[in-house]
Structure formats: C-alpha cells, structure tokens
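Participant: Got a predicted model here, sequence first, then my questions.
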Amino acid sequence: MDMLICVFCFVFFPPPVSHSQITRLYSRFTSLDKGENGTLSREDFQRIPELAINPLGDRIINAFFPEGEDQVNFRGFMRTLAHFRPIEDNEKSKDQNGPEPLNSRSNKLHFAFRLYDLDKDDKISRDELLQVLRMMVGVNISDEQLGSIADRTIQEADQDGDSAISFAEFVKVLEKVDVEQKMSIRFLH
Amino acid sequence: LVIAAHSSFLRSPIPFVPVLMYLFVISLLITIPFEITLWILLASLAKIGFHLYHKLPSIVPESCLLILVGLLLGGIIFGAQEKSPPVMNSDVFFLYLLPPIVLDAGYFMPTRLFFENFGTIFWYAVVGTLWNAIGIGISLFGICQISAFGLTDITLLQNLLFGSLISAVDPVAVLAVFENIHVNEQLYILVFGESLLNDAITVVLYNLFKSFCQMRTIKVVDIFAGIANFFIVGIGGVLIGILLGFVAAFTTRFTHKIRVIEPLFVFLYSYLSYITAEMFHLSGIMAITACAMTMNKYVEENVSQKSYTTIKYFMKMLSSVSETLIFIFMGVSTVGKNHEWNWAFVSFTLLFCLIWRALGVFVLTQIINVFRTIPLTFKDQFIIAYGGLRGAICFSLVFLLPPAVFPRKKLFITAVIVVIFFTVFIQGITIRPLVEFLDVKRSNKKQPAVSEEIYNRFFDHVKTGIEDVCGHWGHNFWRDKFKKFDNKYLRRLLIRENQPKSSIVSLYKKLEIKHAIEMAESGMISKVPSSVSLSEYHEGKIKPLSPTEMENMREILTKNLYQIRHRTMSYNRHSLAADANEKQAKEILIRRRHSLRESLRKTNSLSRERPAAANTKRFLSLPKNTKLPEKLRVRNKTSSKVGDSSDSEMDAATTVLNLRPRAGKILRDQRQKQQRPLPEFRMEWKNEVDGKQDGAGAHQETSGQPQPSVGFRQPLLTRSRFGTLTGEDLSADHRSTGPMPPPRLVRQASQGERQRNKPENQPY
C-alpha cells in the first residue's frame, strides 16, 4: 500500500528541489566517508563499485584531490562537483566583473583538460593522449593503430605545430560540441 | 512434410496402420501434446538457425522469425488436412499462455528506474493507450458509416473494442534491433514499462468493452461504472500482487534447507497471484506484475545463486515458449479459411493505427517533456512511434471475440493479421535503417573528425563517473521514505537473518574480484601494452590521411571504445542481459591492476624500512578489533625489517582468496548492491611469493589450505580493491624515510607508465 501511495504522490506532487540538494550531497559525502573523519581519501572513492569499472575512474578520483593532498573535505568535494552544475540561463547574464563561476563553459573545459594533462604543463602531449586513449579502448586495438589514432587526433587539433594540444586548441576543437550539456548533471542544480 | 504425414497418419484410421497405433491414434491425449511439442521444437530449431548468422538479429526482430515459422507450419498442416488446424481457446490463452509473458516482463523490470520514470511510463501507457484505442475506434466507426464499404453493421462499441485490442503495442520487440545505435538510455525503460502497463490496460479495456457489447442498453451510469471498474480492477490486482509478493518473500526466508525447490516458489506464487486476481474478476496482469516486482528484491537476496539463475532462465524459457506458441497459432490460422477481406476496413485500420500512434506519441511527448529532466528527442519519439509493433496479445484478443456478439469477427481477424504482418515485417525491418538515416541527417556534419568520437566518449565517461560519485539519487523524497520503511521493517521481516553483512563480506568480494582479475590477467598479460611502445615518438610530420583511412579509424574506434556504463540494463525478451559489459569491466579492472603493479614495482625501489605504524593502515577494511594470527604478524615484521626491493611488492604478501571467479556477476551484484550468501564458497589462501618479481602476475605456489567460511584468517594485506592503499602507504613511508619525491610520483600511482618516462622524477 505504501508503495502505491508513494507512487501516486510522486506522480502528482513532485517535491520541490532546493538546497536539499546540498543536504543530499552531504549525506552522500558522509556515507562515503568510512573513516568518519570528515574527509574523503582515495580509498573511499574507490569503494564506489561503478567508479571502479569506469575507464577514467582513477583520473576522475584524482580530480577531486587538490595538489599534493590525499584528503578532500566537503568543501573541496563540492567544489569539484560544482563544475558540473548546469548552466542556468539567468547566470549567463550575470555581471562579468565577478570571478567566473566554476560551471562556466571555460571552466568545464579546463576541468576536462586537466584530466588529460597530468604533468600540468598546459599541453596535452602525445603520450598523455595515448594514455587516455589506451584507458578508453579495448584490448583489440594494437599499439600502432592507437598511435595513429592519437596522431590523427593531435593533427586535427594542433594549430601551432608543436604536436601537442594546448588549452586554446582544445577549446577550439570542441567549439561545436555541446560541452555545457555533456558536462552537466541535472540534479546538481 | 514428414510431420504432416505423421500427423495425418496418426489421425486417420487407415486400415493398414497396425492396431496398436490405431489405439494410440484414437486417444487424443497423445495427439495434442505431440503436435504441440513438435511445433515448439520446430520453432526453437528455427531460432537456432536464425541466430547462426550473427547479423540477422540486428536487422530483423525475432517476431518475424516466429511468424514465418507459424506460417510454414500452418501451410503444412493446411496442406495435409484440407481443414483449418486446431486453434486455441480462451482458457488456454488466458490461463497458460499469457501469464509467462507478463511475468517475464514484470520480473526483469528494474524497479528503481521504473519508479523514477513512473510518471512518463504511466502517461504513455495509460493515456497513450486510451488515446489510441478511442481514436482508432472512433475513426473506424466513421469509416464504417460510409455505406459504400458495406460496413454499416459494425456498431460504435464494436469499433471501440476493436480499437482497444489493436492498440496493444509491443515495442519491446524492436529493442533488440538497436545494438550499436546509441539509443537514449531512458528509452529502454520507457518502452519496456510502456509495453508492460499497456498490456494490462488493453486487457482491461477489452473486457470492459466486451461486457458493454453484450449489454442491451447502456446508460450513462454504466459508463461511469465502467470507468470506476477500470480503476478498481487495476488497483485491486496490484494489491493482490503485492500481498502475494510479500508472502513469497517471506516464504523464501526459510528455504535455505531446500534450495532445490526455491524457484518453484517464485513461479507458484506469481501464478497464484494471477489466478487469484482473475478469480475475483480483477486484473490478473497487474497482479502478476506487481507480485514479480515486489518479490524480486527480497527473493533475490534469500535464494541461492543457483536458484536465482534457474529462476531467470526458466522464466525466459517459459515466456519464449508462450510467445512462440501464440505466433504459431497465428501463422497457422492465417492459412486457414477464417478470413473475410474488405479492402476499406483493412487498409483504413492500418492507416489509422499508424497515424494515431504517431500523433499520440508526438502530442504526449510534447506535454511530458515539460516535466522531464531529460527531454525526449525527435529520434526517441520516432523510435517509440514507429516501433509500435503489434504482437501476440493483439492476435489472441481478437481471436477470442465471441462470434455471437461479433458477426463480423472474421473481418476483424483479417484486419488484425494484416496489421501485425505489416508492423512486424515492414516496420520491424526498416526501423533500424531509418533511425540510422535520421542520425546521420541530424548530425549534419560534413565529415566528423576522428577525434570527435573520442572526445564525446571521454565526456560521457567523465559525466558517468561524477554521477556515480554523487550516488543514485534524484528528486525523490518518497522513495527515501519508502527506503527507510523498507529497511526498518520489511527487510528485517522478509530477508533471512544470518546473512553476514559485515565488512568482512565486502572484503571477500573485493578479494574475489582481485583473484578473478589475476587469473584473467595471467592470460591477458600479453595484451596490455608496455610503456615502451607508448613512448615511441614519431618525429616529423604527421601525414594527412585519406578518407578511407579515416573511415577505418572511425570504425575501429566505434567498435572498440568502451561503452558507457548503462544504468538501465537493456531488456531483451529473448535473451538475458548482455555479458558484454562484464567483459569490458574485467578488462578495465585488469588494466588498472596491472598499471598499479607496475607503479608499485617502480616506487618500491625507493622504499626504505617501513615503520610498523604504516601497517595498521592496511587493515582499514577490517573491523576494528580483528586479531591477527601470530604467524602473520611475525611475517609482517620480518618483511618490514628487510624492506628492500626484492621483498617490497610482497610486503604485499598478497593473500588472495581463491573464490570461484565470478567477477562479472559480482560486479553486477555490487552494482545492484546485493549480497550473496557465502557458505557455499570454498576458499583457499594463496600467497604470492617472491617470484613475483617481474610483476608477471602469475600465481606460484598455493600455500593454503581450504578454510571454512567462518573461521578464516584475516588476510595479511587488505588492499583496497585496486591496491592503491599500498600506494598510500608508500607515500606515508616516503615521507618518513628518504628525500621526498615530488608528490606526483606517488599519488598518481595508477598512471604508472608515465613515471618511467620522466627521469627527473626518480630521485635515485
């Protein structure tokens, strides 16, 4: 009977979405935090089974941890997740004087760029690209094929001929891609 | 023809048949089962043939095949006997053939997603079906009024009834065709849910209109009574289903001594719910669906692994048989003399079916998109609308119309058969090319870059990953409430108690995965590229590629890029959820493990003596007051004293539980967050000894003895699933020992290959 009530209520009276989202995220944070010390470590992330079988799982986990640290607190957690907030229309017309919000297109792209660029030299080298490719691809592709795919990718993006993709080139290549939608998670509203 | 000859021999009392066979022949008891068995066997053989050519199932829906087989059989039987073959009657259909199909759909419905999308599903199923039924009914009535067609004797009610039975769509039949096309994930659950509820609505409407047709006069009160009846029937059925579902779950709590008949309970209770509901003139379909969905969660935790598998396979088998039989009946009766052809009626029926479905989907989608977080695109709508194949239910319902009330029954049958044939064959076969065409047209680019696919997939993976970090929750206060209630009362009541729920169990699972990975790894090691090849740097210009080469590359990528993890497991009536995901998951896990090991090996060359304190970190996953057996503790100390590279990786005296590798299943289970009972596992301890120097990952001596599940020894090293725990330890060690390497070195242990290439990162 309860299920039925739930069902009917859900259909006809969807509850409002508001700062309850933050509460939810906090409860998720605490449920991940097995050590109960208010911070998450890498193992806490690795306990998420779905993340384990995500090809880019390790990189994503790394993105949460700021430079040189092994623990991330809730603030840092939210900060990373803030990149994935959908871009609201009213935000687009906000004043340009303030700092750019974390979920702007440029910052989203920057986030993605950092997932590729491990050594933080602001360039995606062929090596880094190959690593990511290898992570994303099955075992049936040989190294040569992968190498040529990587070459091709760089070629398509590279404009200044340094055989690496800089952030500006990265942005240019993706200008037609709907990054705002691809890197937005609805319930992070 | 052998079959036909056989049948006819068995039937006709020809003098030269021996007396014994004559006696057999007379007894009908043998004839009918014999025929049925042959029919099913033939259909199944045809299915084998169908799947042999692997591309065929992605072009042609399986319903096509079944109909063809039916036609073939029908032709044979007709040819052999010169009269219409025996067909089913109402009892057989409603009591035996329909329940398995519905049970199958209900059981495999992912409940959480179903309820998340319930609004949309309900909207499409109920409102959509009503729209279709009434629309088709009324427009056909309009056509019938035109006296030129000679159809004026068909009343409005009869038309409405016809409309209601022909609007039973079966879009699931189409899903199997979409293997490689990127179909909106939500689409599966929508289509699946729609087809399920849709059947129920159709049957209820059908019964409603049928009883109306049989009444002499209809007052307005009757109409309201009908509507009220509709709700009562639906809700009543659901209640019965839920009740019996709970009883079933409760029963399975006590079945651990009689594992062998566990599946029987599942089937019995489901069928019972169906029959009970029918007995009270409530909706049996809703009952069995609700029962299956309720039972699902709890029963899966109570029954053994094997029973679980048995249930799933048997259910698929039953529903397959059912559907096969229905289609065979259909094929068989097509060939008979049951027809009355009327161009107008038939063609207009077909036309209206298509029009109303398309209109319905379009209008409904526009409305529902306002409320949805992920709107349905045009492509989705096209798939839903064009994929509205009619199936078995349609045919059965028309066949069961009482001829007394429906003098033009044969006309209806003909029309339905034509519609089914058209939708199944023509729509079924052309839908995939059309969708592909739409895809290409809409993307509208000159030549997509090779890298495009990579970037797109990259973003998808990242997004999925972050979504997973956020956890599975959406906008649902009620679901959380239900979950609390569930945890507090229901689970305690319905799930067997002595399930070990401690962290030890999760530890086992982790280690089991690890072992499975290692086993596979030793086989797959050759395929992981060495970092040497990765660092080859082609100096010089990168030559531009020809279009064919680009095409090749794109194709290679499409085939080989890992799929995004689908939250909805795609439903296929004819097979169980794909194992492709498991394979992919295994590969990813193996690769990660391998790269971790690589990085460990390198970073271990830098390690010094490990302070004992570091060891305690390793036991994070264990419950706090775990006592280590003496021997292991001693070994621990020794290795830490030595602390040189030869021993380092083994400080990792990695004890691995040698459970039966079921990595894929475990992954799936973990995805669904279930726990399987452990007692039947056999476990051995295995110590990877020093021979693992080259990271070859092979398993050398097994120094273990089988241990019962309860009195086991704590593993020495509880690496978290992918061993980064050790990486963390190393970082701790490093900090306390030698000169501090740049933090990057350790933290990115998983990107091990990289480190080798930067000599400046190695402080020695």
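Facilitator: Now that the structure is in, tell me what you want to look at. Residues are numbered from 1 along each chain as shown, chains lettered A, B, ... in the order given.
Participant: and the lengthiest helix in chain A, anywhere near chain B?
Facilitator: The residue-count maximum for a helix in chain A (DSSP state H) belongs to helix A:143-157. Yes: residues of helix A:143-157 are located near chain B by CB under 8 Å from any CB of the partner chain, namely A:143, A:145-149, A:151-157. In this view, the C-beta of every residue, glycine as well, is placed from N, C-alpha and C.
Participant: Please pick the buried ones from the residues you listed.
Facilitator: A:145, A:146, A:147, A:148, A:149, A:151, A:152, A:153, A:154, A:155, A:156, A:157 (16 or more other CB atoms under 10 Å in any protein chain shown).
Participant: Mind picking the two most distant members of those residues?
Facilitator: Distance extremes for those: the farthest pair is A:145 and A:157 at 19.1 Å, using CB to CB.
Participant: so how far is residue B:284 from residue B:270?
Facilitator: With the distance defined as CB to CB, to the nearest Å, residue B:270 ends up 11 Å from residue B:284.
Participant: any residues in contact with both of the two?
Facilitator: Residues touching both residue B:270 and residue B:284 by CB atoms under 8 Å, 6 or more residues apart in numbering or on different chains: residue B:99.
Participant: now the residues of helix A:143-157 next to chain B as CSV including pLDDT and distance to residue A:119?
Facilitator: Listed next are the residues of helix A:143-157 next to chain B as CSV, based on pLDDT from 0 to 100; distance: CB to CB, whole Å:
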residue, pLDDT, distance to residue A:119
A:143, 84, 22
A:145, 83, 25
A:146, 84, 20
A:147, 85, 20
A:148, 84, 24
A:149, 83, 22
A:151, 84, 20
A:152, 81, 23
A:153, 82, 18
A:154, 84, 16
A:155, 81, 22
A:156, 79, 22
A:157, 82, 18
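Participant: List just the nearest of these to residue B:52.
Facilitator: Distance to residue B:52 across the residues of helix A:143-157 next to chain B (CB to CB) is lowest for residue A:145, with 30.2 Å.
Participant: Verify the contact between that closest one and residue B:556 for me.
Facilitator: Yes: applying CB atoms under 8 Å, one finds residue A:145 in contact with residue B:556, separated by 6.2 Å.
Participant: Just give the number of residues close to residue 77.
Facilitator: Going with chain A. 21 (other CB atoms under 10 Å in any protein chain shown).
Participant: Not quite, go with chain B.
Facilitator: For residue B:77, the count of nearby residues is 24 (other CB under 10 Å).
Participant: And for residue A:86?
Facilitator: For residue A:86, using other CB under 10 Å, the count is 17.
Participant: mind checking the SS state of it?
Facilitator: On the three-state scheme (DSSP: H, G, I helix; E, B strand; the rest coil), residue A:86 is labelled coil.
Participant: Need the nearest residue in space to it, chain neighbours excluded.
Facilitator: Distance criterion CB to CB, 6 or more residues apart in numbering or on different chains; nearest residue to residue A:86, sequence neighbours excluded, is residue A:184 at 4.0 Å.
Participant: same deal with residue A:177?
Facilitator: residue B:455 (6.5 Å).
Participant: surely that neighbour meets residue A:175?
Facilitator: No: at 11.5 Å, residue B:455 does not count as touching residue A:175 under the criterion of CB under 8 Å.
Participant: With neighbour numbers in mind, choose between the two.
Facilitator: More neighbours surround residue B:455 than the other of residue B:455 and residue A:175, with 19 against 9 (other CB under 10 Å).
Participant: tilt between the host helix or strand of the more buried one and helix A:143-157?
Facilitator: Using DSSP states H and E, residue B:455 falls within helix B:450-470. Computed by axes from the mean of the first three to the mean of the last three CA atoms, to 10 degrees, the angle separating helix B:450-470 from helix A:143-157 equals 100 degrees.
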